[in-house]
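Colleague: Any chance you could fold what I've pasted below:
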Amino acid sequence: MNNPSSQAVVLVHGLWMKPWTWVGYRHFLQDHGFKVYLFGYKTTGQPFDFNINRLAAFINSRPEDTIHLVVHSMGGILAIEALPKINKPGKLLLIGSPINGSKVAQKLQQLGWDKALLKHAAKPLSKGIRLPLKKRQTMMIAGDSPYGLGRFFANWDSRHDGTVALSETQADWLDEHQVVHTSHMGLLNNREAKNMTLKFLLE
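Modeller: Okay, the predicted model is just below:
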């Protein structure tokens, strides 16, 4: 079992969110011995490549030798794109990340609303991750409680968390995929998801 005191976790938020959305996860991981860093970025107002470089530089500048990434929604796409630039080992825990592309983002593009609502986030959210450079042990935790604004834009034919469909979170390159009964935002405060995260990081 890993010793959390010798490692750190970087939390990366999703679209339209701020670092404070991680307050529950931050305290939970700190209570279990991890040093926790919050990475904040402008999700729509800055070019995605700019945020990729900022995230990689942020992680590489941490003093710990091992840096785990725990990332929510679009933060997962950002983290995966940053992996080739990161020189710190660790694990990657994705939470409700639409790695296969977001149907909600695609619908907003069709409606022409992406320029006002998504801006720089439109392309990465719509396309997702196709051929990731996998350098870390990776787990996905997804939700299936269908309550969220996304359900008004996307007509999913499968289970979803109100914002992201389960099918958008599944890929054969994931080492593990788990589902908890909560919404997209509920994933950030779900006790079962937190316990799964801790178990994954400590294994």
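
Colleague: Distance check, Ala165 against Leu202.
Modeller: Ala165 sits 30 Å away from Leu202, going by CB to CB, to the nearest Å. From N, CA and C alone the C-beta is placed, and that goes for glycine too.

Colleague: Have a look at the two and say which one is more surrounded.
Modeller: Ala165 (24 against 15; other CB atoms under 10 Å).

Colleague: just checking, the more buried one touches Arg159?
Modeller: Yes: using CB atoms under 8 Å, Ala165 makes contact with Arg159 at a distance of 7.1 Å.

Colleague: Run through the chain and note the low-pLDDT ranges.
Modeller: 1-5, 111, 113-116, 131-134, 148-156 (pLDDT under 70).

Colleague: let's see 50
Modeller: 1 (pLDDT under 50).

Colleague: where exactly do the strands run in it?
Modeller: 7-12, 35-39, 66-72, 92-95, 138-143, 176-180 (DSSP state E).

Colleague: just the ones you listed: most buried one?
Modeller: Stretch with highest mean neighbour count among the strands of the chain: strand 92-95 (a mean of 27; mean count of other CB atoms under 10 Å).

Colleague: Just put the strands of the chain in JSON lines and tack on distance to Gln46.
Modeller: Shown next, in JSON lines, are the strands of the chain (distance: least, CB to CB, whole Å):
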{"stretch": "strand 7-12", "distance to Gln46": "14"}
{"stretch": "strand 35-39", "distance to Gln46": "13"}
{"stretch": "strand 66-72", "distance to Gln46": "17"}
{"stretch": "strand 92-95", "distance to Gln46": "22"}
{"stretch": "strand 138-143", "distance to Gln46": "26"}
{"stretch": "strand 176-180", "distance to Gln46": "30"}
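
Colleague: can you give me the helices for the protein?
Modeller: Secondary structure of the chain (DSSP state H): helices located at 23-31, 48-60, 74-82, 103-111, 114-117, 122-127, 191-202.

Colleague: quick one: the second one to strand 7-12, angle?
Modeller: Going back to what we said before, that points to helix 48-60. 160 degrees (axes from the mean of the first three to the mean of the last three CA atoms, to 10 degrees).

Colleague: ok so, going back, most tightly packed of the helices of the chain?
Modeller: Sorting the helices of the chain by mean neighbours (by mean count of other CB under 10 Å), the first place falls to helix 74-82, with a mean of 26.

Colleague: From Gly45, how far off is the nearest residue in space to Lys42 that is not next to it in sequence?
Modeller: Leaving out its chain neighbours, the residue that sits closest to Lys42 by CB to CB, 6 or more residues apart in numbering is Asn51, at 7.5 Å. For Asn51, the distance to Gly45 equals 10 Å [CB to CB].

Colleague: Now do stretch 23-41: distance to the chain's middle.
Modeller: 14 Å (CA atoms, centre = their mean, to the nearest Å).

Colleague: Let's see that stretch as PDB, backbone CA atoms only.
Modeller: Only the C-alpha atoms of stretch 23-41 are listed here, as PDB (Å, rounded to 0.1, in the frame of the first residue of the first chain):
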ATOM      1  CA  VAL A  23     -14.000  21.500  -1.000                       C
ATOM      2  CA  GLY A  24     -15.400  18.100   0.000                       C
ATOM      3  CA  TYR A  25     -12.800  16.000  -1.900                       C
ATOM      4  CA  ARG A  26     -10.000  18.300  -0.600                       C
ATOM      5  CA  HIS A  27     -10.900  17.800   3.000                       C
ATOM      6  CA  PHE A  28     -11.500  14.000   2.500                       C
ATOM      7  CA  LEU A  29      -8.100  13.400   0.900                       C
ATOM      8  CA  GLN A  30      -6.300  15.600   3.400                       C
ATOM      9  CA  ASP A  31      -7.900  13.700   6.200                       C
ATOM     10  CA  HIS A  32      -6.400  10.600   4.800                       C
ATOM     11  CA  GLY A  33      -2.900  12.000   4.700                       C
ATOM     12  CA  PHE A  34      -2.500  13.400   1.200                       C
ATOM     13  CA  LYS A  35      -1.100  16.800   0.300                       C
ATOM     14  CA  VAL A  36      -3.700  18.400  -2.000                       C
ATOM     15  CA  TYR A  37      -3.300  21.100  -4.500                       C
ATOM     16  CA  LEU A  38      -6.100  22.900  -6.400                       C
ATOM     17  CA  PHE A  39      -5.500  23.900 -10.000                       C
ATOM     18  CA  GLY A  40      -7.800  26.700 -11.300                       C
ATOM     19  CA  TYR A  41      -8.100  27.800 -14.900                       C
END
